[in-house]
Structure formats: C-alpha cells, structure tokens
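Trainee: Fold the following, please.
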Amino acid sequence: MPQRAATIIFIVGILGLFWLNRNRHVKTSWALWLVVLWVAMGGTRAPSEWLAAFGIGHTGPAVANSYVDGSPVDRNIFLALLIPGVYVLFQRRRRVLTLLRANGPILLYFLYCGISVSWSDYPDVAIRRWFKALGDVVMALLVVTDLNPSVAMRRLIARLGFIFLPLSILFIKWYGNLGRDYRPDYGNWIITYTGVTTSKNMLGMIVLIFGLGAVWRLLQAWRRDGDSRRPGVIIAQGVLLVIAIWLFHLVHSMTSLACFMMAVCLLVVTSLPIFARKPWVVHVLVGSMVTLSFLVLFLNIGTGLLTTMGRDATLTGRTDIWNLVLGMTASPLVGTGFESFWLGKRLDAMWAIYWWHPNEAHNGYLEVYLTLGWIGIFLLAMLLITGYWHGVNEFRRDPETGKLKLAYFVIAVAYNFTESAIRTMNPVWTFFLIATLAVPPPKRIKRKPPPPAPLLEAQNASCLEEV
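Mentor: Numbering: from 1, shown residues only. Model (predicted):
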C-alpha cells in the first residue's frame, strides 16, 4: 500500500476509534489536554526529537554534554504546559490543598529531591530537572482534581492510546526512518521496532500502559448490558487491545509484557463479582506478584521462567551495569543529588565501556539510591506503602477505578525491577502518581431532620396568621 494512502486510512481509523468511544453525557476540563501533551512528550519523543525526525532542526550525535545543556526548544514547550497547569490548579486551590494535606509522603519525597540539589555536582542542571519533576505532580493533580476524576483518567488513557498505538504501526510499516532502528548484535545488525518512541523498551512501556487501559474499559463495557454505547466501546477498545498484543509480539519487551500479564490478571480477578470490594484478594494478588517477580529476577528461583522469557542470569547485561554504578556511588546516605548521577565523569566512564551509551541504571530503586541515597530509598518506601494503602481505600469506595489504580501500582513496582521509571516525565511514574494520590471522598451534606408533625402544624398556622 502506498505511504500516503496508508496515512489517510490510519488517520480515518483513529478518528473512528474516538467516535466509537465517545460519550457526550460527561464533560472533562480542557486542562486534561495539558496532561495528554505532557505524557505524550515523556513517553514518545521530546519536541526537539520530533522536529529533527521531520527534518526541522538537528539533534546531532549523542554526546555527554547534551545531558547537561538540554534543549531550549524542549524547555520552552515544557514551560508552556506547566504554566497553564499551575494556573488551573490555582483556580482549584481548595481541592488542591485538601489533596496535598492528604498526601504528605509525596510532598516529603519531592521536597527532599529539591534539597538534594544543593549537593549535586551540577546544581543548575539538577534544579531544572527538579522543576520539571514537579510538573509530573502538577499533571497528576490536574487529573485527580477534575470534576470527575475517574472520567478524566479514562479519557486520558483513551486519547493517548488511540493516537500512539495505531501511529506506531503506521511508523513501523510505512515510515521506517521513524518507526524502526538498527543495532549491532554479535557482529550483525538487527532491526528493532520503536514506533512513535525512540527505543523498543519505550514502545513496550506505552503499549503496557494503554493496552492495560483497553482491558479495563472492555471489562467495564462487557458488564453494562443496557448501555447503548456498549457496542461502540467494545469495538474501539477491542481494536486497541489487538494492536497492543501485536506490538507486544513485535517488540519483544519482556519487562513490559510480564507487567502487562500481571496487571491484567489483577483486573480480571477483581472484576469477578465474588471478589468485588474484598481487599484481601488484592493483598494476596499484589503480594504474590511482587514477591514472585523479585524471587525470579534476583534470587535465581525459577530460572526456567526467566529463560522462557528470553532473559539470562545477567538480565541482558543489567547486573554488570549495577555492579559498575554501585562502585561509583558518591555517598550511600544522600547520593549524588537529584538526577545527577549520569553526568560528568561518571557518564563519560560508562560511555567509554558501553558503545550504546547508557543513561540509566535499568533499575528504578537503584537509580533512587544513586541519586538520593538511603534517605531517598526510605522516603520512596513510605511513598509506595501509603500509595498502596490509598489504592486499596479507593478499591473499597469505587472498585471500578480502584482496580485500575492498583494495576498501575503493580506495574510501577514490578517495572522498576529491571527498568528505571522513577524519573521525570516517565509515563509509568506519572501514572503511578495519578494512581496513588489519595482522593478524599466527597463531603456529605448533613441535612437537618424535619420537625415533628405538631411543631410543623404550629409553624404553618403561624405563617397563615402573618399572611
């Protein structure tokens, strides 16, 4: 099929998915589009990379200084999203203050991240990255302070999934310069599929997040027999799920696939009527999944499962990186400062060893230890514990939304065993914040009981006399 014809067909198809999934009876704030753009740039390509991909501007070869200097284009666009986001939150300040009071561990974690800038080797870089990290909190607050947070979360997932998963197929099949990449492997060049992202692992990550959203919506729609929108939602979300499965098969991102299977299991089991509103089921499932993942990956229990998933005992070389970066630790207690490890001499040393120029430890918890030390690990542990508790409480109040939030929690915990997702603008981290923010239940208006019948008759008589 010609490239132009394929492009037109995919655009029409994407619009069709939006039309089938539409719901005119509920409204969300325009500010949700700020979150869409924020997550899109963090999960696909930075604005400067998109411009360079279409021949506008030039990114040049990867050099260590690029991680220090950054891109003025990217900074300006991120700022253009952050400023209106802060303005909207100011308009919602009563709800925001209520939320912040209920989410102390998140505030404490990000406060410590800001303080750690003071001992970074590159404080000017660290402070810029910290302000960008606060943007993740701003975007999460925009979702949970919407008039209907569950609808806002649903639309956020749909808008991003309907656009980027089909576009990934279009790029892979008809725009090879955008959707495919080549890397050396034992003297041979092999093809990797990147879609709308810059690497196969990034593509696997967005397929994981939005494919899971499709499963959640399908489970919702399947039980609503009397809903006139049911057929359209099932078709739209079913198409999205098929695309997600096909992309999983293509990219071979084992971490994302394993997390997807665990999260789908959690969604399906908690959707069964017999297990509805029963937190003990969640405790058993989440505990089993996280424990099994840890045992297989780090204690060599069930190595056959690891081999079946295409991983060796070194987790595709990850353990070698872990040993190297642990030897470069500046301070075990406080780390190198917020997002400051992969800079300067440390980055030069790692790039001199690895031709593919790593810029992360491929383990989110190790990444936190390197940059924030044991204090950061402790604060992150508090954040995980309270976040899980908030998700369970949400599951008690609203099982439909609560089960999805718990699924994103499981994804974040397991994904960070072999990837670094506890970092600025990473979609796994952004959705983790959305899922674990405690949303206080709406206050119930106390109505005074009606007066006794004799008193009511006396009041009516008094009113008649006055007239």
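
Trainee: all contacts plus neighbour counts: C-alpha atoms, from now on.
Mentor: Noted.

Trainee: export the strand or helix carrying residue 347 as PDB, just CAs?
Mentor: For residue 347, the host element (DSSP states H and E) is helix 344-353. Only the C-alpha atoms of helix 344-353 are listed here, as PDB (Å, rounded to 0.1, in the frame of the first residue of the first chain):
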ATOM      1  CA  GLY A 344      30.200  14.400  34.000                       C
ATOM      2  CA  LYS A 345      32.900  11.900  34.700                       C
ATOM      3  CA  ARG A 346      30.600   9.100  35.700                       C
ATOM      4  CA  LEU A 347      28.700   9.400  32.400                       C
ATOM      5  CA  ASP A 348      32.000   9.500  30.400                       C
ATOM      6  CA  ALA A 349      33.300   6.400  32.200                       C
ATOM      7  CA  MET A 350      30.100   4.400  31.400                       C
ATOM      8  CA  TRP A 351      30.000   5.500  27.800                       C
ATOM      9  CA  ALA A 352      33.700   4.500  27.400                       C
ATOM     10  CA  ILE A 353      32.700   1.000  28.400                       C
END
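
Trainee: residues making contact with it?
Mentor: Residues outside helix 344-353 that contact it (Cα atoms under 8 Å, 6 or more residues apart in numbering) are 64, 328, 341, 357, 358, 359.

Trainee: Highest neighbour count among those?
Mentor: Tallying neighbours with other Cα atoms under 10 Å puts residue 341 at the head of these, with 27 neighbours.

Trainee: Assign a three-state SS to residue 182, would you?
Mentor: Here residue 182 is strand, with the state taken from DSSP: H, G, I helix; E, B strand; the rest coil.

Trainee: which ones are touching it?
Mentor: By Cα under 8 Å, 6+ apart, the contact list for residue 182 reads 189, 190, 191, 192.

Trainee: which of the residues you listed are buried?
Mentor: Buried members of those, scored by 16 or more other Cα atoms under 10 Å, are residue 192.

Trainee: still on that earlier bit, now, the contacts of helix 344-353 that are in strands?
Mentor: Among those, no member falls in strands (DSSP state E).

Trainee: before we move on, the earlier item: tell me how far the helix or strand that comes right after the helix holding residue 347 is from the chain's mean position?
Mentor: For helix 344-353, the following helix or strand on the C-terminal side (DSSP H and E) is helix 364-397. Per Cα atoms, centre = their mean, to the nearest Å, the displacement of helix 364-397 from the mean C-alpha position of its chain is 15 Å.

Trainee: likewise stretch 6-20?
Mentor: Taking Cα atoms, centre = their mean, the mean C-alpha location of stretch 6-20 is offset from the chain mean by 25 Å.

Trainee: In PDB, list the C-alpha atoms belonging to it.
Mentor: Output in PDB follows, covering the C-alpha atoms of stretch 6-20 (Å, rounded to 0.1, in the frame of the first residue of the first chain):
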ATOM      1  CA  ALA A   6      -1.800   4.200   4.500                       C
ATOM      2  CA  THR A   7      -1.500   7.500   6.300                       C
ATOM      3  CA  ILE A   8      -5.000   8.600   5.300                       C
ATOM      4  CA  ILE A   9      -6.500   5.200   6.300                       C
ATOM      5  CA  PHE A  10      -4.800   5.300   9.700                       C
ATOM      6  CA  ILE A  11      -6.000   8.900  10.400                       C
ATOM      7  CA  VAL A  12      -9.500   8.000   9.500                       C
ATOM      8  CA  GLY A  13      -9.300   4.900  11.600                       C
ATOM      9  CA  ILE A  14      -8.000   6.900  14.600                       C
ATOM     10  CA  LEU A  15     -10.900   9.300  14.300                       C
ATOM     11  CA  GLY A  16     -13.300   6.300  14.100                       C
ATOM     12  CA  LEU A  17     -11.900   5.000  17.300                       C
ATOM     13  CA  PHE A  18     -12.600   8.300  19.000                       C
ATOM     14  CA  TRP A  19     -16.100   8.400  17.600                       C
ATOM     15  CA  LEU A  20     -17.000   4.900  18.700                       C
END
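
Trainee: List the buried residues of that stretch.
Mentor: Residues of stretch 6-20 classed as buried by neighbour count (16+ other Cα under 10 Å): 7, 10, 11, 13, 14, 17, 18, 20.

Trainee: Ok, stretch 285-294 next?
Mentor: By neighbour count on 16+ other Cα under 10 Å, the buried set for stretch 285-294 is 285, 286, 289, 290, 293.

Trainee: Out of the residues you listed, which comes closest to residue 318?
Mentor: Relative to residue 318, the closest of the buried residues of stretch 285-294 is residue 293; by Cα to Cα it sits at 15.7 Å.

Trainee: Can you tell me the SS state at that closest one?
Mentor: helix.

Trainee: which residues sit in contact with the residue lying closest to it once chain neighbours are set aside?
Mentor: Spatial nearest neighbour of residue 293, chain neighbours left out: residue 414 (6.9 Å); criterion: Cα to Cα, 6 or more residues apart in numbering. Applying Cα under 8 Å, 6+ apart to residue 414 gives the contacts 259, 290, 293.

Trainee: do residue 407 as well
Mentor: If you count contacts by Cα under 8 Å, 6+ apart, residue 407 has them with 263, 264, 266, 267.

Trainee: quick one: residue 144 from residue 138, how far?
Mentor: Separation of residue 144 from residue 138 (Cα to Cα, to the nearest Å) stands at 10 Å.

Trainee: Those two: which is more packed in?
Mentor: residue 144 (23 against 20).

Trainee: Just to be sure, residue 417 is in a strand?
Mentor: No. Counting by three-state DSSP, residue 417 is not found in a strand; it is coil.

Trainee: Would you agree it is in contact with residue 364?
Mentor: Yes. Between residue 417 and residue 364 there is a contact under Cα atoms under 8 Å: 6.6 Å.

Trainee: Where in this structure is the helix or strand with the lowest mean pLDDT?
Mentor: The helix or strand of the chain with the poorest confidence is helix 453-466; it has a mean of 45 (mean pLDDT, DSSP states H and E).

Trainee: show me where pLDDT drops low in the stretch 151-300 of the chain?
Mentor: For the stretch 151-300 of the chain, the stretches with pLDDT under 70 are 184-188, 225-226, 299-300.

Trainee: Recalculate using a threshold of 90.
Mentor: Scanning the stretch 151-300 of the chain for pLDDT under 90 picks out the ranges 176-192, 198-200, 220-232, 251-255, 270-282, 285-300.

Trainee: same deal with the stretch 1-150 of the chain?
Mentor: For the stretch 1-150 of the chain (pLDDT under 90), the answer is 1-2, 22-28, 46-75, 147-148, 150.
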